[in-house]
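[1] sequence first, predicted model second:
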Amino acid sequence: MLKNSYKMLFLLTLMMGTLISISSSSWFSIWMGLEINLLSFIPLMMKSNNLFSSEASLKYFLTQALASSTLLFSIILLFIFSLKMKNFNFFINIIFISSLMMKMGMAPFHFWFPIVMEGLNWMNSMILMTWQKIAPMILLSYCMNFNFLIFSIFMSTIFGAIGGLNQVSLRKLMAFSSINHLGWMTASILNNQNIWKIYFLFYCFLSISVVIIFNNFKFFNLNQIFSFMTFKNLIKTIIFIPLLSLGGLPPFLGFFPKWIVIEHLMNLNFFILMLTMIYFTLITLFFYIRISYSAFLLNHNEMNWNMNFIYFINNKNFKFQALILFISIFGLIFINLLFFII
């Protein structure tokens, strides 16, 4: 308990930095909250016996320091030129948005995100994919630039889909999938922030469930899943259906937030943007189908006494993963019934 007490301290300051940023009324306190968040996450990333985590933390620090300095530079320019040159605000706005996109790893500033994810463990990857995106996304809604944001949505959905095609690392696959989801979240924030809240909550729930499953079985590469043949069908279903739900396969719960965003974009007459996002999201769904293929479709032999199954039933995470399976399958049905009753 005392050995890992520093992690609790840095987790608290990590959350405090995000809350300071999203609740501040001045740009300087927003920047200060982002810096507190950054300096709290780096000690959580580093491990003395793992050189990959030290390298990932150094790359993360350099990238975030560049984004923070760009953000501070845009804030200073805003105070200097906002009253004298109103036409200059357009360029300041682009600089400000670019720094926020670099902070959360959104295309075309996504170059650091898969590399950093590769050097982290699953728990730190979960924080990087979920909590670390809250403050930049909310700050992004303060400074809307439709043309630049639509360009970034196109880039995120395209790079997030194509970038993961030749990847065998599960952490890089999750990183490119997160980049694709960032495009959907930015599209949801174009006109209504409530839609972004719904999408982000569903994304966090599904991402956390998948990360917990991968961390439980120590999955890091694709070939580990291909050799994952000794488990019974119930266990495979519990493991891989949250993956398909995260990809947005229609019968499952992950399709619901995408459904809301598609309807929202249709109301805004962004048909080309909507079709592009749908087409390239099908490629990310291919990632998850490729991961699940060996478990659901390939033939294999099972022993009458399967000790892995007994171990899994006795595992403390079994009930949580069974609950995830139930919600992923029947959650969309319950939501449709609720809308029908209303």
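    Nice, thanks for sending it over.
[2] list the contacts of the residue nearest to Ala56 when sequence neighbours are not counted.
    Using Cβ to Cβ, 6 or more residues apart in numbering and skipping the chain neighbours, the partner closest in space to Ala56 is Gly119 (2.8 Å). In short, each C-beta sits where N, CA and C put it, glycine included. By Cβ atoms under 8 Å, 6 or more residues apart in numbering, the residues touching Gly119 are 52-53, 55-57, 59.
[3] can you tell me which of those lies closest to Leu140?
    For those, the closest approach to Leu140 (Cβ to Cβ) belongs to Lys59, at 22.9 Å.
[4] before we move on, back to that, would JSON lines of the contacts of Gly119 with pLDDT be doable?
    Converted to JSON lines, the contacts of Gly119 look like this (pLDDT from 0 to 100):
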{"residue": "Phe52", "pLDDT": "78"}
{"residue": "Ser53", "pLDDT": "80"}
{"residue": "Glu55", "pLDDT": "86"}
{"residue": "Ala56", "pLDDT": "87"}
{"residue": "Ser57", "pLDDT": "87"}
{"residue": "Lys59", "pLDDT": "90"}
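[5] quick check on these: which are buried?
    With burial judged by 16 or more other Cβ atoms under 10 Å, the buried subset of the contacts of Gly119 is 53, 56-57, 59.
[6] of those, just say which sits nearest to Ser207.
    Using Cβ to Cβ, the buried ones among the contacts of Gly119 come closest to Ser207 at Ala56, 18.6 Å.
[7] A helix includes that closest one, no?
    Yes - counting by DSSP: H, G, I helix; E, B strand; the rest coil, Ala56 falls inside a helix.
[8] pretty sure it sits against Leu120.
    Yes - Ala56 is within contact range of Leu120, at 5.6 Å (criterion: Cβ atoms under 8 Å).
[9] which residues are in contact with both of these two?
    By Cβ under 8 Å, 6+ apart, Ala56 and Leu120 have these common neighbours: Met45.
[10] pull out the buried residues from stretch 267-281.
    Buried, per 16+ other Cβ under 10 Å, within stretch 267-281: 270, 273-274, 276-277, 280-281.
[11] so how far is it from its chain's centroid?
    Stretch 267-281 has its C-alpha centroid displaced from the chain centroid by 20 Å (Cα atoms, centre = their mean, to the nearest Å).
[12] how much space separates Phe202 from Ile94?
    30 Å (Cβ to Cβ, to the nearest Å).
[13] and Gly163, by the same measure?
    24 Å.
[14] for Ser68, same thing?
    In terms of Cβ to Cβ, Ser68 sits 17 Å off from Ile94.
[15] next one: Leu190
    Remark: distance between Leu190 and Ile94 (Cβ to Cβ) = 16 Å.
[16] and if you look at Asn269?
    To Ile94, Asn269 is 24 Å away according to Cβ to Cβ.
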